[in-house]
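Visitor: Okay, sequence plus prediction incoming.
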Amino acid sequence: MTSGNTVSAKIFRYDPAADKAPRYETLEVPLEKEMRVLDVLDYAVENAGVAVGYRWFCGVKRCGMCGVSVNGKPVLACWEKATPSMVIDPLPNMPVVRDLVVDRSALEQATLEMEPCLKRKEPYESFPEPLTHRDFEDAYRLMTCIECYVCTAACPVLSDANHREFAGPASLVQLAKVALHPKDAGERVAAALKGDIYACISCYECSNVCPVGINVLEDAIEKLKRRCAAQSESNPGAKHARIFTDLIRKFGRIHPPTLMRQSKGLMQSVSKMSMALAMYRKGKVQVRPQTVQGIEEVRKLFKAVEKDQ
Amino acid sequence: MPRTIDTDVVVIGGGAAGAHAALKVHAEGLKVLLIVKGFLGRSGCSIFAGNLQLVNTKVSAEEEEKWLTIRTKHMGGYLLEQDYVKRANRFTESEFYPEMERRGLYIRRNAEGKFIKSEGRGTNVWAPLQGYSGTFVMELLRKEILNKRIPLLQETMVTSLLLDEGKVVGVTLLDILRGEFIAVRAKAVIVATGPSNYLATRSTGTREQCANGFAMAYRAGAQMQDIEIQWWHCSDIAWPKAWTRLHIYPNPMPATKETVRLYNSEGEMFFEQGMYPLAMQPYFLQLKHLYPHVKRGKARWNGGYFAGYTHIDPSIMEQYSYQTQFLKALGLDLSKDLIECGISWHMTLGGIRTNTETMETSLPGLYAAGGVGSHGVGTITFVSYDGTLAAGGACARARAMQPPRLPEEQIAREEQRVMSPLKVRSGDGLLPAQVKKRIREIMWEKMGYVKSEAKMEEALGQLAEVREKLVPRIGLDSLSRTWNYDWVDALDVEDMLDICELTIHSAKVRQESRGAFFREDFPYIDNKNWLRHTVMSRDGNALRIETVPVELKYIRPESEREDFLSADY
Ligand SMILES: Cc1cc2nc3c(=O)[nH]c(=O)nc-3n(C[C@H](O)[C@H](O)[C@H](O)COP(=O)(O)OP(=O)(O)OC[C@H]3O[C@@H](n4cnc5c(N)ncnc54)[C@H](O)[C@@H]3O)c2cc1C
Ligand code: SF4
Ligand code: SF4
Ligand code: FES
């Protein structure tokens, strides 16, 4: 029963301490100009008197606390536009505290174990320190990350029970932020390996959902992987990284099945088949690697970079 | 007795003031417990700071005087303590920037390594993207506190201050996640709960800014100062509602000819920075210019007027990627489209009255820092200074003291009060959030930018009605103690009602207009009689209001009385 000027919202309700099972509560909300998902939730409580629990603070993509899943996609409630028909669930990959409120503490702990504070090579001298925007370009791409864990919620590896030790994209971004700071001298490779960085199958899901537009895979995770590869050739993950680069050189994109086959061996890729299948169904992977348009450009780039090195 | 925790110093609030205080107490080697109703560095107003001012008062006496004037006159309406302003400016340049840069703060530079600044006055800088500084400052402070494993309770609301023989000896708290009531014993308490700016329909504050800090301090007997002087933002986006805190002015490009311009509903421009080149943050002046248009029906306080960047090269706005992404998401083309705006209730100039050298309040053992304090121009660098000062004062006290005795009877009474909202609503019952909404509506309609005796009386009447008719209907949906935010809302309702009423009483006393404080029935700045602070305190169950003179050490207004609407401050 959705008319043009209402929003029909089906909202997840669950209090693990009191309810036997989760349920959905559906309500019709008058559609307002440019309404956001957060406005719908506010309306539910303040106007309709439906006591749904949800977190928010800033309303403008700064606090990173309003993540929910809308029609299956992890989003920020304050940023995502409301649509006529929505199913609003808590973010996946985290335990539910109540309704849309999730427990992020395990993920935040994973971030903390990365020691995401700057460790300077030389003691800090005085303000302003000599630095150009060029020195900072790589770190700068990650600076607007507000640690909302929306990327982590979207990561298929984390929904796979075999990969509980994977730190997840949001935590790796925190690590990359300091690792790419031009003054940092921390042991970042060790931290990345401890966070099982090579469990990442380079599916771009994190980059696709990031509400602030960070290319999580390329600008954070790949940069860390490259550093790992350079510093520890013996690591199985490093081999994976090399194969990854070779694939891009050949096809202009990665192809998870080939990557898995070549780098981890057949048995291991078979164990991941269910995940690969799910991704395939969603159109994320093709059975045979396909070359992207403009592959010449990609190859030119590789040449240029390799010449630089 | 509930569970108790022992510490040397409690810090309430996880904004820039609280974070600086906690770090400093920890560095001094004392035990600190940081308690945050929301999340450290994610809730509260500090994340919103967009511009950082790169002051350099060391270069000359003129530079120092310029900054004193900007802060004291244009931001504080001459009610600020001038020595404090000078000291805070110096802290900003000699401690805030170096310490933040040491932690990794990157201030936007160009390819040659020079800071990118707003032109003209050349003082605004941004980290790392224009309009995003506070978020980044708070991220670094948060990570440092977590990394140092400083004891921290998040999603935990402090509900009251504990007193023994007139001294503050701890706090009580409600753990929102688990629904547990806890007492904390401490030798000193620093309240840093930020501005109380979630009190009107359109407000700049975050959900937890419901005046808890004011309320707990006032109930414990602390003096409050100038809480009637309310700042308003003049150009926050009108819709979507969720984006109220998107400030279209002065971010970006404050105090330059590129600063946003304001237009009424008929497209006539009524404000541009060139009218007041000296006013860095001309919120007050924008409001004065908006007022006649609202009167003539060519604008409303919550919409029907517009901000625009059509006078500048569109490529300039591209650099301001934080703000621009929102406007793009609305499909606006900034080379020709205007942005509909509304005003919003912003920070209070006053707050809990303190000594500006130690941040001590009138209650022994209680220190107030940042937006909740009484001396603020509220910038993130100033509140950081406050936090550092308060920590110094609190540490000195804690070192000289034995662990105090906890007042068991008061704890039992408070536990009862905190538990009292745990009842299920009946058929015509209301969720506490619905009553909060009503209170915010009353404050918006009757205590907005334009005040008068008559409207304030109406506001008091309507708030009394809320107490009588709506509060008894409040109930919760469930008695679950797990993250039951309705329960928190119910506690907020009490604080909001008390503080909204106090604000009105205080506003009735100030019979003049000044800065962001506009009384239509007294439309002049009365420097002869009103260079004074209002000071309020609790006297049993009665309210005592006095006024005390402001000390004007270096600069003072030239005339005794000025027409409010035409004055340039
Ligand atoms: C929209 C906006 C734009 C701004 N722009 C700028 C700018 O451009 N430049 C600038 O310098 N400044 C700006 N400011 C001002 C500045 O950001 C704030 O005034 C300042 O940072 C306040 O810091 P604070 O630490 O005092 O409080 P806050 O940062 O508000 O922190 C308060 C903390 O107290 C907690 N708290 C509240 N109640 C309780 C309780 N009962 N128990 C436990 N914890 C509690 C909250 O959860 C929060 O963590 C802006 C403010 C706003 C709102
Ligand atoms: S690219 Fe890696 S980290 Fe990102 S979602 Fe895919 S598997 Fe997870
Ligand atoms: S990278 Fe993007 S999605 Fe991930 S935590 Fe940061 S802001 Fe959120
Ligand atoms: S409410 Fe803060 S990011 Fe959405």
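Guide: Nice, thanks for sending it over. Ligands and ions are numbered 1, 2, ... in the order given.
Visitor: Three-state assignment for the closest residue to ligand 2 within the stretch 251-400 of chain B, please.
Guide: Taking Cβ to the nearest ligand atom, ligand 2 has its nearest neighbour within the stretch 251-400 of chain B at B:Gln325, 21.9 Å off. Using the backbone N, CA and C atoms, a C-beta is placed for each residue, glycine as well. For B:Gln325, the assignment made with DSSP: H, G, I helix; E, B strand; the rest coil gives helix.
Visitor: element containing the closest residue to it other than its chain neighbours, please.
Guide: Of all residues not flanking B:Gln325 in the chain, A:Gly213 sits nearest, at 7.6 Å (Cβ to Cβ, 6 or more residues apart in numbering or on different chains). A:Gly213 is part of no helix or strand when elements are defined by DSSP states H and E.
Visitor: With ligand 3 as the reference, measure out to A:Gly213.
Guide: Distance of A:Gly213 to ligand 3, computed by Cβ to the nearest ligand atom, to the nearest Å: 8 Å.
Visitor: Relative to B:Tyr97, how far out is that residue?
Guide: Distance, A:Gly213 to B:Tyr97, using Cβ to Cβ, to the nearest Å: 28 Å.
Visitor: quick one: which of those two has more around it?
Guide: Neighbour comparison, A:Gly213 and B:Tyr97: the larger count goes to B:Tyr97, with 22 against 10 (by other Cβ atoms under 10 Å in any protein chain shown).
Visitor: lowest-confidence helix or strand of the chain?
Guide: All of this refers to chain A. helix A:266-271 (a mean of 44; mean pLDDT, DSSP states H and E).
Visitor: let's do chain B instead
Guide: For chain B, counting by mean pLDDT, DSSP H and E, strand B:124-125 ranks last in confidence among helices and strands (a mean of 72).
Visitor: Which residue is the nearest non-sequential neighbour of residue 22?
Guide: Defaulting to chain A. Spatial nearest neighbour of A:Pro22, excluding adjacent residues (Cβ to Cβ, 6+ apart): A:Tyr14 at 3.7 Å.
Visitor: sorry, should have said chain B
Guide: Nearest residue to B:Ala22, sequence neighbours excluded (Cβ to Cβ, 6+ apart): B:Leu34, at 4.3 Å.
Visitor: Likewise for B:Asp236?
Guide: B:Ser344 (4.7 Å).
Visitor: what's near enough to touch the one you found?
Guide: For B:Ser344, the contacting residues are B:Ala200, B:Arg202, B:Ser203, B:Thr204, B:Trp232, B:His233, B:Asp236, B:Thr244, B:Arg245, by Cβ atoms under 8 Å, 6 or more residues apart in numbering or on different chains.
Visitor: and what of A:Ala106?
Guide: Counting by Cβ under 8 Å, 6+ apart, A:Ala106 has contacts A:Met94.
Visitor: Quick check: next helix or strand after the least confident helix or strand of chain B?
Guide: Using DSSP H and E, the helix or strand that follows strand B:124-125 towards the C-terminus is helix B:133-147.
Visitor: after that following helix comes which helix or strand?
Guide: Per DSSP H and E, the first helix or strand lying C-terminal to helix B:133-147 is strand B:152-153.
Visitor: Show me the strands paired with that following strand, marking each as parallel or antiparallel.
Guide: Using DSSP bridges, the strands paired with strand B:152-153 are strand B:32-35 (parallel).
Visitor: per-residue pLDDT, the closest residue to B:Gly134 other than its chain neighbours?
Guide: If the residues on either side of it in the chain are set aside, B:Gly134 comes closest to B:Ala49, at 3.0 Å by Cβ to Cβ, 6+ apart. If you check B:Ala49, the pLDDT there is 90.
Visitor: Count the residues that sit near the residue of the stretch 251-400 of chain B closest to ligand 2.
Guide: 16.
Visitor: re earlier: could you tell me which of the contacts of B:Ser344 belong to strands?
Guide: Residues of those located in strands (DSSP state E): B:Trp232, B:His233, B:Asp236.
Visitor: Adding neighbour count, write those out as TSV.
Guide: Compiled in TSV, the ones in strands among the contacts of B:Ser344 are given as follows (neighbours: other Cβ atoms under 10 Å in any protein chain shown):
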residue	neighbour count
B:Trp232	25
B:His233	26
B:Asp236	24
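Visitor: need those residues in a markdown table with pLDDT and distance to ligand 2, can you?
Guide: Formatted as a markdown table, these follow (pLDDT from 0 to 100; distance: Cβ to the nearest ligand atom, whole Å):
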| residue | pLDDT | distance to ligand 2 |
| --- | --- | --- |
| B:Trp232 | 94 | 43 |
| B:His233 | 93 | 38 |
| B:Asp236 | 95 | 35 |
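Visitor: Out of those, which comes closest to ligand 3?
Guide: Proximity of the ones in strands among the contacts of B:Ser344 to ligand 3 (Cβ to the nearest ligand atom) peaks at B:Asp236, which lies at 23.4 Å.
Visitor: Just the pLDDT for the single nearest residue of the stretch 1-150 of chain B relative to ligand 1.
Guide: In the stretch 1-150 of chain B, the residue that lies nearest ligand 1 is B:Gly15 (2.1 Å; Cβ to the nearest ligand atom). On pLDDT, B:Gly15 comes in at 98.
Visitor: which residues does it contact?
Guide: By Cβ under 8 Å, 6+ apart, the contact list for B:Gly15 reads B:Gly41, B:Gly44, B:Cys45, B:Ser46, B:Met138, B:Ala192, B:Gly194, B:Gly370, B:Gly371, B:Val383.
Visitor: Which member of those is positioned nearest ligand 2?
Guide: Nearest member of these to ligand 2, counting by Cβ to the nearest ligand atom, is B:Gly41, at 24.6 Å.
Visitor: Do I have it right that the closest one meets B:Leu141?
Guide: Yes. Using Cβ atoms under 8 Å, B:Gly41 makes contact with B:Leu141 at a distance of 5.8 Å.
Visitor: which neighbours do these two share?
Guide: Jointly contacting B:Gly41 and B:Leu141 under the rule Cβ under 8 Å, 6+ apart are B:Ala19.
Visitor: Give me the distance from the helix or strand hosting A:Ala229 to the chain's centre.
Guide: Element membership for A:Ala229, per DSSP H and E: helix A:222-231. In terms of Cα atoms, centre = their mean, to the nearest Å, the centre of helix A:222-231 is found 19 Å from the chain centre.
Visitor: Could you do stretch A:15-31 as well?
Guide: Using Cα atoms, centre = their mean, the offset of stretch A:15-31 from its chain centre is 27 Å.
Visitor: same check, this time on stretch B:89-107
Guide: 22 Å.
Visitor: and it, anywhere near ligand 1?
Guide: No. Figure legend: stretch B:89-107 not in contact with ligand 1 (Cβ under 6 Å from any ligand atom); closest approach 9.6 Å.
Visitor: what's the first-to-last distance across that stretch?
Guide: Terminal residues of stretch B:89-107 are spaced 18 Å apart (Cα to Cα, to the nearest Å).
Visitor: buried sites along that stretch?
Guide: For stretch B:89-107, the neighbour count (16 or more other Cβ atoms under 10 Å in any protein chain shown) marks B:89-93, B:95-107 as buried.
Visitor: Tell me which residue in chain A sits closest to ligand 1.
Guide: Per Cβ to the nearest ligand atom, A:Phe57 is where chain A lies closest to ligand 1, at 8.0 Å.
Visitor: Just give me the neighbour total for the residue of the stretch 151-300 of chain B found nearest ligand 2.
Guide: Ligand 2 sits closest to B:Gln154 of the stretch 151-300 of chain B, with a gap of 26.2 Å, by Cβ to the nearest ligand atom. By the measure other Cβ under 10 Å, the count of residues near B:Gln154 is 19.
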